[in-house]
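Novice: Kindly return the folded structure for what I paste below:
(2 chains)
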Amino acid sequence: MKILLAAAAIMSMPVIVHAQSVEDAIEARHGFYKMLSINMGTLAGMAKGEIEYDEAAASRAGANIEALVGYDLPSLFVEGSSMDDNMESAAKPEIWDNPDDFAAKFEDLRSAAAGASDAVMGGQENVGPVVQKLGAACKACHDEYRQPET
Amino acid sequence: MSRSDPASTPVQPVEVRLWDPLLRGFHWCLATLVVTNLFLGHFGPAVMTLHFWVGYGIIALLAFRLVWGFVGPAEARFSNFLRGPGAVTRYASHMFRREPSYWPGHNPMGALSVIAMLALLAAQVSTGLISDPEDYINVGPLAGEVASATSRKAVGWHHLGGTLILILVILHIGIVLFYRFWKREDLIMPMITGRKDVIRRG
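Specialist: The predicted structure is shown next:
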């Protein structure tokens, strides 16, 4: 009997851990994108002239983006966390069908972000090209793997 | 032969100047820009500056068509070609006859498709203007004027709209081919030269 209870407890454990980790993973993803968006917003605003160019602030935003994309984001796309499993998510199930391509798209974002903190220094005109490179990486992944809101 | 007895005189189609030059120019410009933007939207560069400018061109064309629908020549005027359900069903009932329609302008069914196309394009440019795809490079110029939830949803509406427009374009071409090969009536040359064989009734 004790053995059976212990077995049942052990068998039920991974399920609970899994359920928690799915929600944690989705929240963590959203937090990641929120931080990315705050810093992208700074750079895009400066590129458009809606925010006054400030070299230190631009460089800080660039450094933040470089730091963010150092994180292993694809690892947060755990099994059972697509839009089909959880209504909080906009992650298309295609991510799990093409994990290599999804990882490659994130790798593209990393390449686009490399050196951003330096590249945005030296004048407002240097911000636009960085935003375009980063934005193109955002778009490439959104087009394939992100469900637009309805 | 008195005019009160038209049944005894077979009505012959006559070639007339039907579509005015501005309307024809509008049609082919719109066709070019819409197809261009469908391609740019799906396969164009990630920085969609060209897609935006083509969209502004479409807005200008739609504005022209709206004005022309009120002050243009008879064939271009909405009041002239928009008909009630009776006229539409009457036209539909003999649409599949294997003979040219000789219709002098937009027929009652075609009028519906004209309105559907213009309304859909107007909706499409509107959702495009307010779209925020959160990529920081292709944010619609009016996205900041609406709630951020709306501008994010507009992206989905814009994608759906693109699909619906593609379906309407294919339907439009299909119907033109149906007239050409089933009804043996060429609708393409009149849209180029402006001249068409018609029968004016009533």
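Novice: Summarise which helices and strands whichever helix in chain A runs longest is packed against.
Specialist: Secondary structure of chain A per DSSP state H: the longest helix is helix A:2-48. Packing partners of helix A:2-48 (3 or more Cβ pairs under 8 Å, 6 or more residues apart in numbering or on different chains; DSSP states H and E): helix A:55-69, helix A:127-145. The way it works is simple: take the backbone N, C-alpha and C, and place the C-beta from them, glycine included.
Novice: what about residue 149, helix or strand, and which?
Specialist: Just going to use chain A. Here residue A:149 sits in a region with no helix or strand, counting by DSSP states H and E.
Novice: Chain B is the one I meant
Specialist: Remark: residue B:149 resides in helix B:148-181, with elements defined by DSSP H and E.
Novice: so where's chain B uncertain?
Specialist: B:1-10, B:202 (pLDDT under 70).
Novice: which bits of it sit near chain A?
Specialist: B:46-47, B:133-139, B:149, B:152-153, B:155-156, B:159 (Cβ under 8 Å from any Cβ of the partner chain).
Novice: Mind giving me the ChimeraX command for buried ones among the residues you listed?
Specialist: With 16 or more other Cβ atoms under 10 Å in any protein chain shown as the burial test, the buried ones among the residues of chain B next to chain A are selected in ChimeraX as follows:
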select /B:46,47,133,134,135,136,137,138,139,152,153,155,156,159
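Novice: right, so of the helices and strands packed on helix A:2-48, which gets closest to chain B?
Specialist: helix A:127-145 (3.2 Å; Cβ to the nearest Cβ).
Novice: could I get the helices and strands packed on helix A:2-48 as CSV with mean pLDDT?
Specialist: Output for the helices and strands packed on helix A:2-48, formatted as CSV (pLDDT from 0 to 100):
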stretch, mean pLDDT
helix A:55-69, 98
helix A:127-145, 96
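Novice: Among the ones you listed, show me which one is buried the most.
Specialist: helix A:127-145 (a mean of 20; mean count of other Cβ atoms under 10 Å in any protein chain shown).
Novice: Packing partners of it?
Specialist: helix A:2-48, helix A:55-69, helix A:94-97, helix A:99-113, helix A:116-119.
Novice: Now distance to residue B:168 too, for those, in JSON lines please.
Specialist: Shown next, in JSON lines, are those (distance: least, Cβ to Cβ, whole Å):
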{"stretch": "helix A:2-48", "distance to residue B:168": "34"}
{"stretch": "helix A:55-69", "distance to residue B:168": "41"}
{"stretch": "helix A:94-97", "distance to residue B:168": "28"}
{"stretch": "helix A:99-113", "distance to residue B:168": "32"}
{"stretch": "helix A:116-119", "distance to residue B:168": "43"}
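Novice: Which of the ones you listed sits closest to residue B:198?
Specialist: Residue B:198 sits nearest to helix A:94-97 of all the helices and strands packed on helix A:127-145, at 52.2 Å, using Cβ to Cβ.
Novice: residues of that closest one that come out buried?
Specialist: Result for helix A:94-97 [16+ other Cβ under 10 Å]: buried residues A:95-96.
Novice: And for stretch B:80-89?
Specialist: Going by 16+ other Cβ under 10 Å, stretch B:80-89 has these buried residues: B:80-81, B:83, B:88.
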